[in-house]
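Asks: with the sequence up front, the predicted model follows.
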Amino acid sequence: MSKRKDKSFLDRVTFFDVVLALILTIGMFTMVYPFWNSFLVSIVPQADLLLNPTMIIPKRLDLSAYEYVFTESLIPRGFVNSFIISVSHAALNVILTVIGAYIFTKKFPGQKVFWVFVLIPSIIPGGLIPSYILMQKLHLINNQLALILPGCFGWSSALYMARFFRSVPVELEESAKIDGASEVRIVWQIIFPLVLPFIAVTALNSFVASWNSWYSGMIYMRSANKMPLATILRDLQQAAKNVMTSDQMAADGQKVVHSEAVRMACVMTATIPIMLAYPFAQKYFIGGLTAGAVKG
């Protein structure tokens with residue numbers, strides 16, 4: 001029985017299936033190997049990398065780069081700052097995106113003017129100098145709100161979500177209005193649960209973008225205790241300019257780490273927390289991709 005099943009399965013395999021599997025395997029390798037190589041650079045002695053730069057399995061480990069990173073006193077504070085900033089930015093992004101998408105589905109006086117005021121600034125940003133002057137006028141320099149408020153409304157996500165709102169039966173809203181529900185209650189209790197997968201995807205994308213942002217922290221923050229993790233790690237990379245390997249000794253007898261190992265250790269420190277969150281959000285990604293799809 002098993003041989004017949006195996007034979008029937010092999011009979012169903014076509015040349016196109018083999019080519020597609022090969023292409024997907026090569027694509028997976030090209031995405032996984034650079035990350036794995038970066039991880040190896042952070043944990044392998046520099047001398048071993050020079051002898052075998054394309055290694056897959058390391059023979060020796062050297063965690064001095066991570067010791068150098070985590071001995072920085074600002075790293076724990078940077079984690080806390082980035083978490084607060086990223087969660088706040090994602091929550092505000094979701095709220096404004098849902099409200100904006102709901103407004104896009106309604107007809108009201110001055111709707112075209114509203115679209116112009118929303119789309120033009122989103123497509124053509126003002127630039128760094130006007131943004132800095134605006135934050136200065138709002139007294140947000142060295143205030144974490146300067147890292148939360150900019151970009152908290154995603155117009156592209158709002159437009160896509162509005163298309164899904166239009167697919168919601170009008171009878172749901174009409175019946176809720178007959179029962180005396182307000183617009184806010186309709187959005188919160190009826191519309192919001194229907195677009196929960198798409199909201200989760202929007203929130204995660206916003207969280208990741210805010211988590212990885214270091215430039216805004218460098219521009220707007222003055223106090224090191226208020227800087228996000230990405231900015232602290234960037235400054236740490238700039239400070240690690242020594243090109244000696246971790247197997248060599250400095251003049252004073254202290255072991256030093258290679259700058260490339262420190263750089264990759266910083267990359268891993270910022271990336272691994274995000275990677276750990278993706279498996280828990282995978283089902284929401286699938287739901288968000290299929291949201292609004294036409295059912296046969």
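Replies: That came in fine, so what should we check first? Numbering: from 1, shown residues only.
Asks: would you mind listing the buried residues in the helix or strand that contains Met28?
Replies: Met28 is located in helix 15-43, with elements delineated by DSSP states H and E. Within helix 15-43, the residues scored as buried using 16 or more other Cβ atoms under 10 Å are Asn37, Ser38, Phe39, Leu40, Val41, Ser42, Ile43. Where you see a C-beta, it was placed from the backbone N, CA and C, and this is true even at glycine.
Asks: got it, and stretch 176-187?
Replies: Ala176, Ala181, Ile186, Val187.
Asks: helices or strands up against the helix or strand containing Ile186?
Replies: Assigned by DSSP H and E, Ile186 belongs to helix 183-186. Secondary-structure packing of helix 183-186 (3 or more Cβ pairs under 8 Å, 6 or more residues apart in numbering; DSSP states H and E): helix 170-178.
Asks: elements contacting the helix it packs on?
Replies: Applying 3+ Cβ pairs under 8 Å, 6+ apart, we find helix 170-178 packed against helix 183-186.
Asks: avg pLDDT for the helix it packs on?
Replies: What helix 183-186 shows for mean pLDDT is 78.
Asks: burial of Pro197, as a residue count?
Replies: Neighbours of Pro197 under the rule other Cβ atoms under 10 Å: 19.
Asks: per-residue pLDDT, it?
Replies: You'll see Pro197 listed with a pLDDT of 76.
Asks: ok, then the element right after the helix or strand harbouring it?
Replies: Assigning secondary structure by DSSP H and E places Pro197 in helix 196-212. Note on helix 196-212: by DSSP H and E, the next helix or strand toward the C-terminus is helix 215-220.
Asks: give the buried residues for that next one.
Replies: Ser216, Gly217, Tyr220.
Asks: can you pull the contacts of the first one?
Replies: When you say that, I think you mean Ser216. Ser216 sits next to Ala146, Leu147, Pro150 when contact means Cβ atoms under 8 Å, 6 or more residues apart in numbering.
Asks: the first one contacts Arg222, doesn't it?
Replies: Spelled out, that is Ala146. No. With contact taken as Cβ atoms under 8 Å, Ala146 and Arg222 are classed as non-touching, separated by 10.7 Å.
Asks: so for the two, which residue has more residues nearby?
Replies: Neighbours per residue, other Cβ under 10 Å: of Ala146 and Arg222, the larger number sits with Ala146, 24 against 9.
Asks: wait, Lys226 sits on Gln144?
Replies: Yes. Here Lys226 reaches Gln144: they are 5.8 Å apart, a contact under Cβ under 8 Å.
Asks: for the stretch 51-200 of the chain, which residues score under the pLDDT cut-off?
Replies: Within the stretch 51-200 of the chain, no range satisfies pLDDT under 70.
Asks: show me the helices in it, by range?
Replies: 64-70, 74-104, 111-123, 128-137, 145-148, 155-166, 170-178, 183-186, 192-194, 196-212 (DSSP state H, counting those that start in this stretch).
Asks: as a markdown table, the ones you listed with distance to Thr269 would be great.
Replies: What follows is these, written out as a markdown table (distance: least, Cβ to Cβ, whole Å):
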| stretch | distance to Thr269 |
| --- | --- |
| helix 64-70 | 6 |
| helix 74-104 | 8 |
| helix 111-123 | 32 |
| helix 128-137 | 27 |
| helix 145-148 | 19 |
| helix 155-166 | 29 |
| helix 170-178 | 46 |
| helix 183-186 | 41 |
| helix 192-194 | 35 |
| helix 196-212 | 12 |
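Asks: pick out the residue nearest the middle of this protein.
Replies: Closest to where the C-alpha atoms of the chain average out (Cα atoms, centre = their mean) is Val208, at 1.9 Å.
Asks: can you pull the contacts of that one?
Replies: Counting by Cβ under 8 Å, 6+ apart, Val208 has contacts Ser86, Ile274.
Asks: what's the spacing between it and Leu233?
Replies: For Val208, the distance to Leu233 (Cβ to Cβ, to the nearest Å) stands at 15 Å.
Asks: and if you look at Lys107?
Replies: 48 Å.
Asks: isn't Thr97 right next to Leu159, touching?
Replies: No. Contact criterion Cβ under 8 Å: Thr97 and Leu159 do not qualify, at 9.8 Å.
Asks: these two: which is more packed in?
Replies: Under the criterion of other Cβ under 10 Å, the comparison of Thr97 against Leu159 puts Thr97 first, with 27 against 15.
Asks: hmm, back to that, which neighbours do Lys226 and Gln144 share?
Replies: With Cβ under 8 Å, 6+ apart, Lys226 and Gln144 have common neighbours Asn81.
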